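S.K.: pasted the sequence and its predicted model underneath.
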Amino acid sequence: MKEIWLIIKEQFQHLGMIFRMSRYEDKATYQSHYLGLAWQILNPAIQVGIYYLVFGVGMNGNRKIDGVSFFVWMLMGITAWFYTNSSILGASNSIHRQVGMVAKMKFPVSVLPTINIVSNLSSYFPMLGIVVAVLLGTGVMPTIYWLQYFYYFICLIVFLFAFGILNATITVLIRDYHIFLQSILRLLFYVSGTIWDIDNRNLPIWMVKILKLNPIYYINDGIRDSFLSRAWFWEKANYTLIFWGIILILLILGSHLHMKFRARFVDYI
């Protein structure tokens with residue numbers, strides 16, 4: 001637990017630097033593009049259109065789910081997924097990619113995954129605004145349940161941070177791990193409730209219960225619970241406890257490995 005506290009303390013001590021470097025990353029990524037930061041919205045918007053045509057119109061006949069069209073239902077999940085996917089992959093490669101900075105100066109290495117997570121918020125928040133606009137445009141009115149979104153947003157950030165520290169450390173130690181992680185995320189896209197309603201896919205009950213243990217599913221489904229006014233998080237007490245248990249395990253493993261090996265990161269790279 002001491003290692004977890006030290007890692008978290010470093011994040012708060014360097015918050016200013018985290019936000020400054022995240023803004024720099026945004027500008028550096030798109031500085032050579034004519035449309036610049038607009039690609040942060042255009043790229044996911046194009047992908048949303050493709051997934052809707054394939055899975056919504058082509059395979060689901062644009063049927064309704066939970067009282068809303070498939071497009072609206074999918075948009076809520078896929079917006080969170082784009083942010084989750086890019087943050088997991090970016091955080092996992094953050095320390096290895098910044099080897100020059102790590103080698104040349106005294107630097108709090110643990111903030112590198114966090115910088116990537118914060119940087120990706122610049123594309124997530126506009127997409128979230130589009131989700132809210134679409135919900136209002138299709139007649140879904142705000143209720144007190146919408147306040148619950150902030151809880152699931154905290155869940156999302158904490159999960160990405162805990163998983164990011166672990167992945168970034170393992171990627172330095174085992175370079176092939178990043179490629180393996182990419183393959184796992186491709187699978188998780190289809191089994192995390194992003195574009196499929198796993199409760200209505202004629203899957204065995206035992207398989208559905210296992211899939212619902214996935215932290216990404218917990219967050220995706222919780223965001224829909226909030227915006228569609230379906231349920232409170234304490235009504236799913238078992239899954240909530242399992243989610244935070246997984247987070248604690250990730251934090252313990254990630255913090256321990258990070259503190260154990262970070263003095264030798266440059267040597268491993």
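M.R.: All right, it came through fine. Numbering: from 1, shown residues only.
S.K.: may I see the buried residues of the helix or strand hosting residue 150?
M.R.: Secondary structure from DSSP states H and E places residue 150 in helix 149-173. By 16 or more other CB atoms under 10 Å, the buried positions in helix 149-173 come out as 149, 152-153, 155-172. (Each C-beta comes from the backbone N, C-alpha and C, glycine too.)
S.K.: likewise for stretch 246-266?
M.R.: 246-247, 250-251, 254-259, 262, 265.
S.K.: who's in contact with it?
M.R.: Identification of contacts with stretch 246-266 by CB atoms under 8 Å, 6 or more residues apart in numbering yields 1, 3-4, 6-7, 95, 99, 102-103, 109-110, 158-159, 162-170, 172-173, 213, 215, 268.
S.K.: the same query, at a cut-off of 7 Å, please.
M.R.: 3-4, 6-7, 95, 99, 102-103, 109-110, 158-159, 162-163, 165-166, 169, 172-173, 215 (CB atoms under 7 Å, 6 or more residues apart in numbering).
S.K.: low-confidence ranges in the stretch 151-269 of the chain?
M.R.: 201, 265-269 (pLDDT under 70).
S.K.: helices of that one, start to end?
M.R.: With DSSP state H, counting those that start in this stretch as the criterion, the stretch 151-269 of the chain has helices at 176-191, 205-211, 215-227, 237-261, 265-268.
S.K.: for these, give me CSV that also has distance to residue 118.
M.R.: Below are the helices of the stretch 151-269 of the chain laid out as CSV (distance: least, CB to CB, whole Å):
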stretch, distance to residue 118
helix 176-191, 20
helix 205-211, 29
helix 215-227, 18
helix 237-261, 18
helix 265-268, 21
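S.K.: wait, which of these is closest to residue 131?
M.R.: Judged by CB to CB, the one of the helices of the stretch 151-269 of the chain that comes nearest to residue 131 is helix 215-227, at 7.4 Å.
S.K.: which stretch of helix or strand covers the residue most central in space within the chain?
M.R.: Nearest to the geometric centre of the chain sits residue 84, at 1.9 Å (CA atoms, centre = their mean). Assigned by DSSP H and E, residue 84 belongs to helix 70-92.
S.K.: state the distance from the residue nearest to the centre of the chain to residue 218.
M.R.: 12 Å (CB to CB, to the nearest Å).
S.K.: residue 87 contacts residue 114, doesn't it?
M.R.: No: in this structure residue 87 lies outside contact range of residue 114 using CB atoms under 7 Å: 9.9 Å.
S.K.: which residues do the two both contact?
M.R.: Common neighbours of residue 87 and residue 114 (CB under 7 Å, 6+ apart) do not exist.
S.K.: count the residues that sit near the residue lying closest to residue 242 once chain neighbours are set aside.
M.R.: In space, and not counting its chain neighbours, residue 242 is closest to residue 213: 5.9 Å by CB to CB, 6 or more residues apart in numbering. Neighbour count of residue 213, defined by other CB atoms under 10 Å: 13.
S.K.: next: residue 17.
M.R.: Residue 17: 14 neighbours (other CB under 10 Å).
S.K.: any idea where the helices of the stretch 1-150 of the chain begin and end?
M.R.: Under DSSP H, counting those that start in this stretch, the stretch 1-150 of the chain gives helices at 2-13, 15-30, 39-51, 70-92, 94-97, 99-104, 111-119, 121-137, 149-173.
S.K.: helices and strands around the longest one, which ones?
M.R.: For helix 149-173, the helices and strands in contact under the criterion 3 or more CB pairs under 7 Å, 6 or more residues apart in numbering; DSSP states H and E are helix 70-92, helix 94-97, helix 111-119, helix 176-191, helix 215-227, helix 237-261, helix 265-268.
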